[in-house]
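>>> Curious how this folds, go ahead:
(2 chains)
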Amino acid sequence: MIHYIWLFMIASGVIAAALQGKIDLVTMAALNGAKEAVAVCIGLISILVFWLGMMRIAKDAGLLEKLAYIMRPVAKALFPTVPTNHPAMGYILSNMSANLFGLGNAATPMGIKAMEELQKLNPDPKTATPAMCTLLALNTSGLTLIPTTIIGIRMKHGSVDPTDIIGPTLIATFCATSFAILLDRYYQRRYRKKS
Amino acid sequence: MYEFVSLLSKWMLPLMIVMIPLYAIWRKVPVYESFVEGAKEGFPTAVEIIPHLVGMMVAVSIFRDTGAMEFYLQFLRPIASWLHIPEEVLPIGLLRPISGTGSLAFVESVLRTYGPDSFIGKLASTIQASTDTTLYVITVYFGAVGIKRTLYALKVGLWADVAGFLFSWIICSLVFLS
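Numbering: from 1, shown residues only, chains lettered A, B, ... in the order given. Below is the predicted model of the structure:
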């Protein structure tokens, strides 16, 4: 599916530019996109280096196992295929809590670490596992308690009550995340039946 | 409630940064060595992600900047007006899953034009805040471990974005319009 979406975006962009007679828009957009992507990755380096260092300390001290132990009812319900005392569980739970408290840049390194641990349980390293898909469902739907970025932007634009969107956002993101988990369950079941 | 959670969010990182090593020292872990050992993995992981992210962001950028997205928006407008969804927030909904900075730019233009305390301004803020950039998350997470076949992850992410958009609109209508 990702192949189709990728090709669709490029092809329709090229057609749109050609129809307007401004084909050089494509080249410019491509170079800008590439530049932006590398800039994002460069920005990620510092965050990854720092947080993966911190996470290693937490792991060596046995903190991740502790977190996994405390949260095991939630973890077991969401990730039935991952053994409860597997290190993946600790990373998954730290990723979830970092997301919840709006620590976006700490959440990514923890999520990547969780993916690496899940990859160790994966019989086919080129194909995703259902547990990975559940982790992705949780991360793409972005469950968070305080949307700090948007509140900052609302303040910048002179809102009299920049925080009044917190309630609606919380309900909307909670509903969307629940929907994502249900959908993930549905596809998981279908995938299991097929294979 | 907000004050409490935002205080928590502000203190969380500093507390973690000091509590994790403190606890580790108490458990007799050589903290500095552990830190460096773990941090070593940061650079290769970031480098691993570059080709995935360049591929994806080039496509998004071509789609967005050539006017192709504008073209597809035309087909969504009638559906939106039938549902009484303000058409100003449609580009935000369409961009949100594929480009976080792209949709944020649209949110800013809505806030500038209609004001942050207008219904459209609040709705735009809620849509932006209620979900994450699906394409980016999938590219980075799967890219970091070299997964090629992503099963149904993208489908779930995109449908959740549609749901998030609709939930934002329904809840904002209930809260801010009545």
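>>> can you pull the buried residues of the helix or strand hosting residue B:76?
Applying DSSP states H and E as the criterion places residue B:76 in helix B:68-82. Residues of helix B:68-82 classed as buried by neighbour count (16 or more other Cβ atoms under 10 Å in any protein chain shown): B:68, B:69, B:73, B:80. The C-beta positions use only the backbone N, C-alpha and C, and glycine is treated the same way.
>>> next one: stretch A:66-78
Buried residues in stretch A:66-78 (16+ other Cβ under 10 Å): A:67, A:68, A:71, A:75, A:78.
>>> Show me the residue at the heart of chain A, geometrically.
Nearest residue to the geometric centre of chain A (Cα atoms, centre = their mean): residue A:139, 3.3 Å.
>>> And the pLDDT for that residue?
Predicted confidence (pLDDT) for residue A:139: 93.
>>> which ones are touching it?
By Cβ atoms under 8 Å, 6 or more residues apart in numbering or on different chains, the contact set of residue A:139 is A:95, A:99, A:107, A:111, B:132, B:137, B:141.
>>> Filter those residues down to the ones in helices?
Members of the contacts of residue A:139 lying in helices (criterion: DSSP state H): A:95, A:99, A:107, A:111, B:137, B:141.
>>> Within reach of chain A, which of the buried residues of helix B:68-82 are there?
Filtering the buried residues of helix B:68-82 for proximity to chain A (criterion: Cβ under 8 Å from any Cβ of the partner chain) leaves residue B:68.
>>> out of the buried residues of helix B:68-82, which one sits closest to chain A?
Lowest distance from chain A to these (Cβ to the nearest Cβ) belongs to residue B:68, with 3.9 Å.
>>> My read is that that closest one contacts residue A:12, right?
Yes: taking contacts as Cβ atoms under 8 Å, residue B:68 lies within contact range of residue A:12: 4.2 Å.
>>> pLDDT of stretch B:117-129, averaged?
Across stretch B:117-129, pLDDT averages out at 95.
>>> now swap in stretch A:185-195 and tell me
What stretch A:185-195 shows for mean pLDDT is 91.
>>> CA-only coordinates of it in CSV, if you can.
Written as CSV, here are the backbone C-alpha positions of stretch A:185-195 (Å, rounded to 0.1, in the frame of the first residue of the first chain):
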residue,chain,number,x,y,z
ARG,A,185,-7.3,-5.7,16.5
TYR,A,186,-9.6,-6.3,13.5
TYR,A,187,-6.8,-6.4,10.9
GLN,A,188,-4.7,-8.5,13.2
ARG,A,189,-7.3,-11.1,13.4
ARG,A,190,-7.8,-11.1,9.6
TYR,A,191,-4.0,-11.3,9.1
ARG,A,192,-3.8,-14.3,11.5
LYS,A,193,-6.5,-16.1,9.7
LYS,A,194,-4.8,-15.6,6.3
SER,A,195,-1.4,-16.9,7.4
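>>> Only the buried residues of it, if you could.
Buried residues in stretch A:185-195 (16+ other Cβ under 10 Å): A:187, A:188.
>>> check whether that stretch contacts chain B.
Yes: applying Cβ under 8 Å from any Cβ, one finds stretch A:185-195 touching chain B at A:187, A:188, A:191.
>>> and whichever residue of chain A sits closest to chain B, what helix or strand is that in?
Of all residues in chain A, residue A:56 sits closest to chain B, at 2.3 Å by Cβ to the nearest Cβ. If you go by DSSP H and E, residue A:56 is part of helix A:24-60.
>>> rewinding a little: right, and out of the contacts of residue A:139, which lies closest to residue A:146?
residue A:99 (11.4 Å; Cβ to Cβ).
>>> Does that closest one touch residue A:145 like I think?
No: using Cβ under 8 Å, residue A:99 makes no contact with residue A:145, being 9.4 Å away.
>>> So for those two, which residue has more residues nearby?
Applying other Cβ atoms under 10 Å in any protein chain shown to residue A:99 and residue A:145 shows that residue A:99 carries more neighbours, namely 24 against 19.
>>> count of residues packed around the closest residue to residue B:129 other than its chain neighbours?
With sequence-adjacent residues excluded and distances taken as Cβ to Cβ, 6 or more residues apart in numbering or on different chains, residue B:129 is closest to residue A:147, at 3.4 Å. Residues within reach of residue A:147, counting by other Cβ under 10 Å, total 23.
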